[in-house]
Structures are given as C-alpha cells and as structure tokens.
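> could you look at this predicted model? Sequence included:
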Amino acid sequence: MERSGPAAPAGDRHWRGSARLAVSCALVFCTMALLVDWDAGSLTPLRALLWFTLSAAVCAILLPPRVSAGPGWLAVRTPWRRRIVRTNALTAVRQYDGVSSHLVLRDTFGNRLELDPRILAASPLLWHELDTGVRHSLDRGTLRLGADVMERLGHRIDDETVQAVLRASGLS
C-alpha cells in the first residue's frame, strides 16, 4: 500500500485544551472587568477598549507554545515567533531544572529552541520524532553535548509511561 503524501507533523495533543483554557480565562477577565466597570457607572468606550486590550494581553501571556515535529525537525511556535531546529543535526542538548524545567536544543545551523520536557512526556509522537532525530545526530557525530540528557529524559518518559499503563490496568 502506498502513501498518498508526506506524513502529517506530530503535535502536542494537549495544546488545544490549554489554548481553550487561556482564551476562556481572558474572556472571563474581560467580562468581569466590563461588568464591574458598568455597575460602577464608569464604563466609557475608552475604558472598554482598555479592558479588551488587557484581555488580549492576558490571552497572549497564558497561551502555551505550540510544539510540532516531523522527520528531522522540531518547531515551537509562540504568538510572537516560531523557532525550528533540525533534530538530525543537533549539536547540544541541555536541561535546566528548577521552578520551570526546560530543555534547550541547538543545531549545526545555529538555531536554538527551548521547550518544557513535560510536553514530550505527554505526547509520544513528539518524543518519537525527537528521539529519532537525536539518534541520527549521534550517528552523524554532530551531537557532542547532551546525549546523556536525552538518555535520562528517555528513561524518565518510559518510567512515566509504564506507571500510567499499570495504573490504567489496575495493577498499580
């Protein structure tokens, strides 16, 4: 059986729900601000414009980055910009832990992106595309820094997946 075209890129399967939550929070904020201002009798067109603008800012701040991946690439899109790295030409992978853990990827073309490793744990297709690209980088010899980071992250994701399967089956 032949494919009809290139495979669709893998994406974060929880992004739509998170985006809906961000938009809902912004709409609730806007509605509440307009109602309170209207009840106080101080609502003017200029103040309404201010509330709409602040609500748009709240939405932009709460909107999560959209992560997608395909054969040999990984992209993170925010409301302001889009960053892409070639996963089959990675040079460095670093993980920074702390309050907000994030993964930093660099490729041979000078591109750099940051993402939350929990996105990879929640989306097996994204993890598979990244892991495949990292293996190609290791085979080509371009990945000189961070192979151990990817190995630890892979073990952690595998452990979380096993625990989720055991919980779902009632064995844990």
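Right, received. Where do you want to start? In this text the structure is predicted, and so the values were computed from the model without any measurement.
> use CA for all of it now, contacts and neighbours both
Will do.
> state the pLDDT value of Ala8.
On pLDDT, Ala8 comes in at 68.
> same deal with Gly5?
For Gly5, pLDDT reads 52.
> after the longest helix belonging to the chain, heading C-terminal, what element do we hit next?
The single longest helix within the chain, with elements called by DSSP state H, is helix 15-39. Per DSSP states H and E, helix 15-39 leads on to helix 45-62 as the next helix or strand towards the C-terminus.
> contacts only, for the residue nearest the centre of the chain.
What sits nearest the mean C-alpha location of the chain, by CA atoms, centre = their mean, is Val67, with 4.3 Å. For Val67, the contacting residues are 11-12, 74-77, by CA atoms under 8 Å, 6 or more residues apart in numbering.
> now do the residue of the chain most remote from its centre against Leu34, distance only.
When distances are taken from the C-alpha mean of the chain, Gly41 lies farthest, 42.2 Å away, according to CA atoms, centre = their mean. Distance of Gly41 to Leu34, computed by CA to CA, to the nearest Å: 10 Å.
> check Leu103 too.
40 Å.
> more neighbours: those two, which one.
Leu34 (21 against 18; other CA atoms under 10 Å).
> contacts only, for the more buried one.
If you count contacts by CA under 8 Å, 6+ apart, then Leu34 has 43, 48, 51 around it.
> can you show me the strands along the chain?
Under the criterion DSSP state E, the chain carries strands at the ranges 10-11, 66-70, 73-77, 82-86, 90-96, 102-107, 112-115.
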